[in-house]
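Student: Got a sequence here, can you model it:
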Amino acid sequence: MEEDKAQERLYFDFSASTPVDQRVEMAMEPYWRRRYANALSNHSEGVSVRKDIQEATLEVARALGAESREIHWTSGGTESNTWALRGVIEFIEQHNGSVEGLHVIVGAIEHVSVGGLLHYATQKGMEVSVVSVTLEGIIDMAEVEKALRPETVLVTVLYASNEIGTVQPISLIGELIRAHREKGDSFSLPNLDFKFPAFHSDASQAFLYLPVEVNTLGLDLLTLDGHKMYGPKGVGVLYIREGLLLTPLFFSMEGKENARYGTPPTPLIIGCAKAIEIAEREREMYTPDVEHLRDYCIRRLEEEFEEIVINGSKTKRLANNISFSFPGQNHEFLAVLLDERGIAVSTKSACKSFGTVSHVVKALKGGNESAIRISLGKETSKKDVDALIGALVSVLKKS
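Tutor: A predicted model of the protein is given here:
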């Protein structure tokens, strides 16, 4: 009965989570009951599983244009972001004696796990520049360039917004950082062959629809999350460029840099690698269809509601994202009304489930502080979109 009810509902929250691809599920299956050995063990069973993880890691490295030793498995996007940012700062603190007076740059519409860096860095006496975005949600490049200074040790900018879908010019920011390093006056640590600032981007939402090649983008740190790309929950990736050292996030007697301690979750790793492989191979086939459906949805919304505001750029946005606001409307209540009609939407990031104000929508300075987010999946149909529009018309135009 519960399954029948689920089948009757329409899901428009694929940015929050995706179903596991059947091919991913099949790849994971042997590791639950048959190939269950601990990959850290040195007996034959453990070594065999460890080789499978190494092969999965190599597959991810290929997809990112990286080396397998630069790929590190985590529990998901939040851990990857936290480790990337804390790891850089704490390594500098340990080897420089202090980070007081050093500087970080953060985009204004980052994921909440990155936004927490502001408090963490200022607590340590660091200076933080929050770079604003345009009315379309695109980061202000002139402001980034102006913010870079010799004391800058870290820059983090979200590749594609989980709320409004805007895609940032990551490669252009990478070029600015390269040019800044070439001036020769940027911060450095003795005996570390790495030129700061380190450049990080959370590409959790981007990977399913956009090419993510770390050298082309100029990235030193990159976050991915399995369940955003038809992979399992509880697993993610952190790419760390060779030469950059991070303090471990978890305690260990070894305390080795760039190490993620704990038993590797083999089924999740295998599943995440398979999801990455599928997305890399097939994104050019499914992205145009999803993009076409997105544009159809936006067009229908604008035809039905004159007052609607589409948040973010209409061109530089993820293929599956539609974010919109109705001035003066209680969007949380609207989401509840849609849910009662069997339609699942969101109003902001699932990782920020409390409160009505979206810091992302507010940063657009368009007068709105909240929105409805529609995020499509590869399986979403035109019929589904028409049903959504019909429900919105029913809710908003009834008198």
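Student: contacts and neighbour counts: CA atoms only from here.
Tutor: OK.
Student: so for the helix or strand that contains residue 86, what's the average pLDDT?
Tutor: Using DSSP states H and E, residue 86 maps to helix 77-96. If you average the pLDDT over helix 77-96, you get 96.
Student: what do you get for stretch 58-73?
Tutor: 98.
Student: Next: stretch 198-206.
Tutor: When pLDDT is averaged along stretch 198-206, the result is 97.
Student: what angle do the helix or strand just after the helix holding residue 86 and helix 77-96 make?
Tutor: Beyond helix 77-96 on the C-terminal side, the first helix or strand identified by DSSP H and E is strand 103-107. Between the direction of strand 103-107 and that of helix 77-96, the angle (axes from the mean of the first three to the mean of the last three Cα atoms, to 10 degrees) works out to 170 degrees.
Student: Quickly run through the sheet partners of strand 103-107, with directions.
Tutor: Sheet pairing for strand 103-107, assigned by DSSP bridges, gives strand 127-131 (parallel), strand 152-156 (parallel).
Student: all helices of the stretch 51-200 of the chain, in order?
Tutor: Chain-ordered helices for the stretch 51-200 of the chain, with DSSP state H, counting those that start in this stretch as the definition, fall at 77-96, 112-115, 117-123, 141-147, 170-182.
Student: Rebuild these as a markdown table, extending it with distance to residue 283.
Tutor: Shown next, in a markdown table, are the helices of the stretch 51-200 of the chain (distance: least, Cα to Cα, whole Å):
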| stretch | distance to residue 283 |
| --- | --- |
| helix 77-96 | 21 |
| helix 112-115 | 27 |
| helix 117-123 | 32 |
| helix 141-147 | 28 |
| helix 170-182 | 19 |
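Student: between those, which gets nearest to residue 105?
Tutor: Between residue 105 and those, the shortest gap by Cα to Cα is with helix 141-147, which sits at 7.3 Å.
Student: where's that closest one relative to the chain centroid, distance-wise?
Tutor: The chain centroid and the centroid of helix 141-147 are separated by 23 Å, computed with Cα atoms, centre = their mean, to the nearest Å.
Student: Only the buried residues of it, if you could.
Tutor: Taking 16 or more other Cα atoms under 10 Å as the neighbour-count basis, helix 141-147 is seen to contain the buried residues 141, 144, 147.
Student: do the same with stretch 47-57
Tutor: Neighbour counts over stretch 47-57 (16+ other Cα under 10 Å) mark 47-50, 53-54, 56-57 as buried.
Student: Buried deepest among the helices of the stretch 51-200 of the chain, which one?
Tutor: Between those, the one whose residues have the most neighbours on average, counting mean count of other Cα atoms under 10 Å, is helix 77-96 (a mean of 20).
Student: Residue 184: how many residues sit nearby?
Tutor: As a burial measure, residue 184 scores 11 neighbours (other Cα atoms under 10 Å).
Student: what's the answer for the one 3 residues further on, then?
Tutor: Using other Cα under 10 Å, the number of residues around residue 187 comes to 17.
Student: quick one: it and residue 195 touch, right?
Tutor: Yes - under the criterion of Cα atoms under 8 Å, residue 187 lies in contact with residue 195, with a separation of 7.4 Å.
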